[in-house]
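Visitor: next input, structure requested:
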Amino acid sequence: MGRIEVDMGSVETGQYDEELWTQGLATCYGVVAYGLPANNDTHNVNKVMAHVSAKEIDNTMTDFLSKVRSSGMRLYGVCLSLPDPAYNDGPTKAGELRAMVADINRVPVDQVSRQDVSHYQVSMKARILSQSEQIRRYCRFLCVSIVISTRNVANEYSPPPYCQMRATASPDGVVSAEVHRMVDIPNVPDPVADPEVTKRQRQGGGGGNKYNTTSTRGLSGGGSGGNNNSSMSTGGFSGGRGGGHTNTSTGGPPGGSVYRTSAGGSARETTSRSTHKATNHP
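Guide: The predicted structure is shown next:
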């Protein structure tokens with residue numbers, strides 16, 4: 001099993017037996033698309049993850065959508081890990097924000113008033129809300145359900161897994177944000193038996209016979225001999241005791257299960273916790 005770390009501003013794809021993870025989200029955005037790999041082949045991609053910084057939303061999300069579509073996977077849904085809009089609120093942020101305002105305005109820190117800091121907090125909250133909606137709009141282009149987890153700023157300084165997002169390896173993979181399990185990644189269905197093998201097993205062995213007979217129902221059996229038979233039966237069962245008559249029966253379900261998803265599913269809000277100490281990305 002491989003484990004792939006997704007750096008800030010990057011997008012990575014993961015095969016069925018690989019894990020994708022990212023950390024240090026803070027005011028960044030975690031996005032995961034998941035589904036079944038193309039042709040149910042476990043060597044193909046079944047998950048795509050992006051770590052989106054506030055400065056690179058358009059570029060990173062465009063790359064994300066491109067890699068999801070080119071993966072060929074049967075898409076089931078998208079998970080989002082969003083920052084808390086109140087990330088910059090509270091007295092613990094005052095000193096950091098005062099320094100940021102001073103740097104933006106190119107003035108000494110002692111010239112930054114409490115009102116200046118308050119205005120900056122309001123603008124940052126509005127920016128996070130606007131960027132979160134921008135991320136959602138990109139995800140809606142995929143026309144699948146979206147599950148949303150909003151991080152809790154109260155846990156900003158908690159140790160990992162806060163501010164982490166994971167899409168674990170399959171089978172039995174899950175997408176999680178912080179300690180919150182968001183969705184289960186679908187497993188590749190069990191392979192079905194080869195119809196030709198199943199047919200020969202039902203018929204039994206025969207001494208080199210060529211099978212070219214058709215029965216619309218019932219049982220078939222093989223005899224001995226080397227006959228080339230070309231008869232047709234419309235019912236009952238047929239068999240060969242010495243003449244080598246054989247039949248193939250038509251029937252049985254084709255293929256395995258088919259999985260479908262509905263387009264434009266609903267989004268639901270959940271709240272998980274936040275991660276290690278993070279920095280702003282204004």
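Visitor: use CA for all of it now, contacts and neighbours both
Guide: Will do.
Visitor: what's the helix or strand for residue 121?
Guide: Here residue 121 sits within helix 114-140, counting by DSSP states H and E.
Visitor: domain-wise, how is this protein divided?
Guide: 2-189+263-271, 212-246 (automatic domain parsing).
Visitor: could you dump the ones you listed to a markdown table with mean neighbour count and mean pLDDT?
Guide: Output for the domains of the chain, formatted as a markdown table (neighbours: other CA atoms under 10 Å; pLDDT from 0 to 100):
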| stretch | mean neighbour count | mean pLDDT |
| --- | --- | --- |
| domain 2-189+263-271 | 19 | 89 |
| domain 212-246 | 16 | 42 |
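Visitor: can you name the element that comes right after the helix holding residue 121?
Guide: Next element after helix 114-140 (DSSP H and E): strand 145-150.
Visitor: that following strand packs against which elements?
Guide: strand 74-82, strand 267-271 (3 or more CA pairs under 8 Å, 6 or more residues apart in numbering; DSSP states H and E).
Visitor: for the helix or strand just after it, which strands pair with it and how are they oriented?
Guide: Per DSSP H and E, the first helix or strand lying C-terminal to strand 145-150 is strand 165-167. With DSSP bridges as the test, strand 165-167 is paired with strand 18-22 (antiparallel), strand 174-177 (antiparallel).
Visitor: which residues does strand 165-167 contact?
Guide: 19-23, 30, 32, 47, 49, 81, 173-178 (CA atoms under 8 Å, 6 or more residues apart in numbering).
Visitor: and which of these is nearest residue 11?
Guide: residue 49 (5.7 Å; CA to CA).
Visitor: wait, is the closest one part of a strand?
Guide: Yes. The assignment for residue 49 (DSSP: H, G, I helix; E, B strand; the rest coil) places it in a strand.
Visitor: wait, it touches residue 23, no?
Guide: No. Under the criterion of CA atoms under 8 Å, residue 49 lies out of contact with residue 23, with a separation of 11.9 Å.
Visitor: can you list phi and psi of residue 178 for me?
Guide: phi 60, psi -120 (degrees, to the nearest 10).
Visitor: could you find the closest non-adjacent residue to it?
Guide: Distance criterion CA to CA, 6 or more residues apart in numbering; nearest residue to residue 178, sequence neighbours excluded, is residue 162 at 4.5 Å.
Visitor: what do you get for residue 61?
Guide: Distances taken as CA to CA, 6+ apart put residue 138 closest to residue 61, at 6.8 Å, once the chain neighbours are dropped.
Visitor: isn't that neighbour right next to residue 60, touching?
Guide: No. Assessed by CA under 8 Å, residue 138 is found out of contact with residue 60, at 10.5 Å.
Visitor: let me see the contact set for the residue nearest to residue 17 when sequence neighbours are not counted.
Guide: Among residues not flanking residue 17 along the chain, residue 169 sits closest, at 4.7 Å (CA to CA, 6+ apart). Residues near residue 169 by CA under 8 Å, 6+ apart: 1, 16, 17, 18, 19, 20.
Visitor: what's near enough to touch the third one?
Guide: Spelled out, that is residue 17. Here residue 17 is in contact with 1, 2, 42, 43, 169, 170, 171 (CA under 8 Å, 6+ apart).
Visitor: SS state for the fifth one?
Guide: Read it as residue 169. coil.
Visitor: now do the fourth one
Guide: Secondary structure state of residue 43, per three-state DSSP, is coil.
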